[in-house]
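Enquirer: pasting the sequence and the predicted model now:
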Amino acid sequence: MNPHLPHLIELQALDIKLTASKAQQGKIPALIKAAEGPLQEASLRLTQLTESLEAVNKERRDQERDLEAHEAQIEKLRARLTELKTNKEYQAHLFEIEMANKKKGEIEERILLRMERIEQYQREAQQAQAKKTEAERLSAEEKTRLETQAVELAAELETMTRQHGEVAMLLEKGLLDRYTKLKAARKDLALAPVKNGTCSGCRLQIPPQLVAEVRRSDELQTCTFCHRILYWEGGLGSAKTNSAESLAQAESGLRETV
Ligand SMILES: [Zn+2]
């Protein structure tokens with residue numbers, strides 16, 4: 001077997017994991033921000049309700065002052081009743097008092113309406129406060145979870161980067177450069193396993209002769225079409241590669257049985 005192949009395969013496996021972990025790490029700030037969304041919404045709702053409540057309370061106070069002034073006015077009118085000389089004046093004055101009483105009733109009605117609205121807003125504000133408290137709890141939990149994940153990811157990335165450096169050291173510079181260039185040109189995959197006579201990088205059928213050479217793996221072989229370095233999957237490398245092979249075998253065995 002070509003002695004470089006296991007290192008190249010390991011390097012690629014590390015590169016794939018590094019890319020995935022970096023992508024995951026990149027998403028964390030947005031996820032933390034998104035976790036605050038429901039809390040901001042709940043806070044806004046509570047603020048709106050508090051403002052509405054204050055506005056209606058002010059209306060109620062204004063109308064109560066209005067009512068007091070009106071009541072004082074009615075008292076004055078009543079007091080003057082005794083001073084009146086003629087029946088005509090008396091009747092006119094009574095009518096004025098009746099009108100004033102009617103107006104007073106209208107103001108009282110408006111105050112009652114405001115009080116009902118205040119009670120309703122108070123109930124809604126209570127519910128909104130409970131929702132906000134729950135949102136605060138969930139948001140804090142999610143934030144902690146994501147921050148822990150970020151710390152774990154950073155540690156993983158550090159380990160993988162170190163391992164990557166160690167494996168890269170085992171390769172000749174020329175081969176490492178070739179790997180790096182191929183990786184950049186071929187969507188991060190410089191190596192591809194051969195499966196069922198097909199390059200799994202470009203999914204094209206490769207000549208049987210080449211398949212046989214890849215299987216022997218004395219020399220590094222490249223795909224005729226995409227130029228990726230080819231390897232025989234399962235034939236080498238780590239326990240992971242072996243378990244992948246057994247899984248693939250189990251699957252093909254299943255297919256054959258069916
Ligand atoms: Zn190919």
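Expert: Nice, thanks for sending it over. Numbering: from 1, shown residues only.
Enquirer: how far is the one helix or strand Lys22 maps to from where the chain is centred?
Expert: Taking DSSP states H and E as the criterion, Lys22 maps to helix 5-35. Average the C-alpha atoms of helix 5-35, do the same for its chain, and the two points are 19 Å apart (C-alpha atoms, centre = their mean, to the nearest Å).
Enquirer: what comes up buried for it?
Expert: For helix 5-35, burial by neighbour count (16 or more other C-beta atoms under 10 Å) applies to 5-15, 18, 21, 32, 35. Where you see a C-beta, it was placed from the backbone N, CA and C, and this is true even at glycine.
Enquirer: which one of those residues is nearest Ala168?
Expert: Nearest to Ala168, judged by C-beta to C-beta, of the buried residues of helix 5-35 is Leu11 at 6.4 Å.
Enquirer: in space, what's closest to that closest one - neighbours in sequence excluded?
Expert: In space, and not counting its chain neighbours, Leu11 is closest to Val167: 4.9 Å by C-beta to C-beta, 6 or more residues apart in numbering.
Enquirer: just say helix, strand or coil for the one you found.
Expert: Taken by DSSP: H, G, I helix; E, B strand; the rest coil, the conformation at Val167 corresponds to helix.
Enquirer: so which bits of the stretch 151-258 of the chain are right by the ion?
Expert: Proximity of the stretch 151-258 of the chain to the ion, by C-beta under 5 Å from the ion, involves residues 199, 201-202, 223, 225-226.
Enquirer: now render those residues as CSV, adding secondary structure.
Expert: What follows is these, written out as CSV (three-state DSSP):
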residue, secondary structure
Cys199, strand
Gly201, coil
Cys202, coil
Cys223, coil
Phe225, coil
Cys226, coil
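Enquirer: picking up where we left off before, pretty sure the residue nearest to Leu11 contacts Ala13?
Expert: No - with the criterion set as C-beta atoms under 8 Å, Val167 and Ala13 do not qualify as a contacting pair; they are 9.3 Å apart.
Enquirer: between the buried residues of helix 5-35, which sits nearest the ion?
Expert: Among these, Gln12 lies closest to the ion (C-beta to the ion), at 14.4 Å.
Enquirer: surely the closest one is in contact with Ala190?
Expert: Yes - between Gln12 and Ala190 a contact is recorded at 6.3 Å, counting by C-beta under 8 Å.
Enquirer: shared neighbours of these two, anything?
Expert: Between them, Gln12 and Ala190 share the neighbouring residues 179, 183, with contact defined by C-beta atoms under 8 Å, 6 or more residues apart in numbering.
Enquirer: which element is Tyr231 on?
Expert: Counting by DSSP H and E, the element that carries Tyr231 is strand 229-232.
Enquirer: and that strand, what does it pack onto?
Expert: Under the contact criterion of 3 or more C-beta pairs under 8 Å, 6 or more residues apart in numbering; DSSP states H and E, the helices and strands touching strand 229-232 comprise helix 5-35, strand 191-195, helix 208-216, strand 221-222.
Enquirer: again, 6 Å this time
Expert: Using 3 or more C-beta pairs under 6 Å, 6 or more residues apart in numbering; DSSP states H and E as the contact definition, the elements that strand 229-232 packs against are strand 191-195, helix 208-216.
Enquirer: could the ones you listed go into a markdown table alongside mean neighbour count and mean pLDDT?
Expert: Compiled in a markdown table, these are given as follows (neighbours: other C-beta atoms under 10 Å; pLDDT from 0 to 100):
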| stretch | mean neighbour count | mean pLDDT |
| --- | --- | --- |
| strand 191-195 | 21 | 95 |
| helix 208-216 | 14 | 93 |
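Enquirer: which of those sits closest to Met1?
Expert: When the helices and strands packed on strand 229-232 are ranked by distance to Met1, counting by C-beta to C-beta, first place goes to helix 208-216 at 8.3 Å.
Enquirer: so what does that closest one touch, helix or strand wise?
Expert: strand 229-232.
Enquirer: kindly recompute the last result at 10 Å.
Expert: strand 191-195, strand 198-199, strand 221-222, strand 229-232 (3 or more C-beta pairs under 10 Å, 6 or more residues apart in numbering; DSSP states H and E).
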